[in-house]
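# Structure here, sequence nowhere to be found:
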């Protein structure tokens, strides 16, 4: 929201006399109006923006964080929206700002970890994720994201242990299973990813991303027929066509670029 600056009108008075000049009474200029102060949004407005698209949320929550830098919810939600828009560096920076004012904020730690994983620099998110794990050892999200971070920095044993603990805390959690599958896909092991994604997609809480990742791994292993069925069921025709074209160009390769898979990161 841009600030408006009050304009002060300058009034020139010309006083003429027929004889001797007369002195005018001093004219007092109207007081300068202070710029309007931006106020935090109400709870209802904040709740309404949570239901909007990523760009609208990013603009709204960034502004809320600027109005009140001590509002951790605004900072975390701005970081999340930036990440969803693919602006991973800015997402990591925004989450970091929250941690400057609230170093123990677990949600900011988790979001910082997600952003660094998504930007391909998981090393820089591990400390935040380990802090979240230590603060809330019973929260499966920290363990799941640590698995993804450890895998990206080639700490395979630590990754497996973290995911195993996440599944102990939240058995058959589709987000944890999807992170494990994404890890396999980035290694070029689509065959190992498929059963994990089938298991994830069968869970009641499975998201659209889970099913689309399953379609991707099926296409990569040459099962384009089943992949097409999933895409046609879950996407508009144009989007399904684009994804199918992408899969047909890579069918049977079994590998996929990390940017595409880590961009589907689960665990939020």
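Perfect, I can see it now. From a predicted model like this one, the values you see are computed outputs, not experimental measurements.

# And residue 114, how far from residue 223?
30 Å (C-beta to C-beta, to the nearest Å). Any C-beta I mention is one placed from the backbone N, CA and C, and that applies to glycine too.

# Looking at these two, which one has more neighbours?
Applying other C-beta atoms under 10 Å to residue 114 and residue 223 shows that residue 114 carries more neighbours, namely 30 against 17.

# quick one: the more buried one and residue 230, what's the gap?
The gap separating residue 114 from residue 230 is 25 Å, by C-beta to C-beta.

# Same question for residue 142.
Residue 142 sits 30 Å away from residue 230, going by C-beta to C-beta.

# Kindly report the same for residue 220.
In this view, residue 220 and residue 230 are 13 Å apart by C-beta to C-beta.

# These two - which one has more neighbours?
Neighbour totals were compared for residue 220 and residue 230, and residue 220 leads with 24 against 20 (other C-beta under 10 Å).

# So the more buried one is in contact with residue 190, correct?
Yes - counting by C-beta atoms under 8 Å, residue 220 does reach residue 190; the two are 4.5 Å apart.

# What count of nearby residues applies to residue 89?
For residue 89, using other C-beta under 10 Å, the count is 13.

# tell me the SS of the residue nearest to residue 251 when sequence neighbours are not counted?
Spatially, and ignoring its direct neighbours in sequence, residue 251 is nearest to residue 222 (5.4 Å; C-beta to C-beta, 6 or more residues apart in numbering). Under DSSP: H, G, I helix; E, B strand; the rest coil, residue 222 falls in the coil class.

# tell me the SS of the closest residue to residue 101 other than its chain neighbours?
Nearest-residue entry for residue 101: residue 70, 5.8 Å, with adjacent residues in sequence omitted and distances by C-beta to C-beta, 6+ apart. For residue 70, the assignment made with three-state DSSP gives coil.

# Need the pLDDT of residue 70.
Reading off the confidence values, residue 70 has pLDDT 93.

# what does residue 8 give?
31.

# Then the one 4 residues further on?
pLDDT, the model's per-residue confidence, is 34 for residue 12.

# let's number from 522 now, not from 1
All right, first residue 522 from here; so that's residue 533.

# So residue 695 sits against residue 727, correct?
Yes - here residue 695 reaches residue 727: they are 4.3 Å apart, a contact under C-beta under 8 Å.

# shaky segments in the protein?
Applying pLDDT under 70 to the chain flags residues 522-557, 773-789.

# try 80 this time
522-558, 726, 772-789 (pLDDT under 80).

# Which parts of it are helices?
Assigned by DSSP state H, the chain shows helices spanning 564-570, 575-588, 593-605, 609-622, 627-639, 644-656, 661-673, 677-690, 695-707, 711-722, 729-741, 745-755, 758-771, 779-783.

# From the chain's centre, how far out is the fourth one? Work that out for me.
Think helix 609-622. Helix 609-622 has its C-alpha centroid displaced from the chain centroid by 11 Å (C-alpha atoms, centre = their mean, to the nearest Å).

# next one: the first one
Computed by C-alpha atoms, centre = their mean, the separation of helix 564-570 from the middle of its chain amounts to 18 Å.
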